[in-house]
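In: okay, sequence plus prediction incoming.
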Amino acid sequence: MSTTGGRHSFVVEYRASAIATEEGEFKLHSLDAKLFSNAGCAFDLSGPVMDRALFHIDNCYFWPNFRAVGVPCKTVQPPHTAFRGFGGPQGLSACEHVIEHLALACGIHGDVLRRQ
């Protein structure tokens, strides 16, 4: 079982910002993300998985300034393959992490940013 493929693990480097308005509201302003996926020792379906993660990295939020780049990384592990989400869950969870991090930096609850 140690040689079978598994879900692609991701690492995301990002810079994000939110703007505080005069009314005291916070709005998402920018997201610049670079996604790295563990493709394993063979490319297999790593390209389409990365594509799908890039399609979902903005989640359902409007980022006025947005850029995302993806890099499938070749490693010495067995090849990773696509599961049901095909990269979507990795992109969505990365965006939710960014929202939570921004909210913490702004001193507000994450749902405040999500509702804007």
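Out: Sure, I can see it. Just so you know, these numbers come straight off a predicted model, no measurement behind them.
In: list the buried residues of the lengthiest strand in the chain.
Out: If you go by DSSP state E, the chain has its longest strand at strand 26-40. The neighbour-count check on strand 26-40 (16 or more other CB atoms under 10 Å) flags 26, 28, 31, 33, 35-40 as buried. Yep, even glycine has a C-beta here, placed from its N, CA and C like the rest.
In: and if you look at stretch 67-76?
Out: 68, 70, 72.
In: just the element for the second one, please.
Out: Of the helices and strands defined by DSSP states H and E, residue 70 is found in strand 65-74.
In: report the buried residues of the next helix or strand after that strand.
Out: Sequence order places helix 88-106 as the next helix or strand after strand 65-74, per DSSP H and E. Judged by neighbour count (16+ other CB under 10 Å), helix 88-106 contains these buried residues: 88-95, 98-99, 102-103, 106.
In: residues contacting residue 101?
Out: residue 16 (CB atoms under 8 Å, 6 or more residues apart in numbering).
In: mind running it again at 10 Å?
Out: 14, 16, 110 (CB atoms under 10 Å, 6 or more residues apart in numbering).
In: tell me the helices and strands packed up against the strand or helix carrying the second one.
Out: Going back to what we said before, that points to residue 16. Using DSSP H and E, residue 16 sits in strand 10-20. Where contact means 3 or more CB pairs under 10 Å, 6 or more residues apart in numbering; DSSP states H and E, strand 10-20 is packed against strand 26-40, helix 46-56, strand 65-74, helix 88-106.
In: tell me the average confidence for the third one?
Out: Strand 65-74 shows an average pLDDT of 96 in the prediction.
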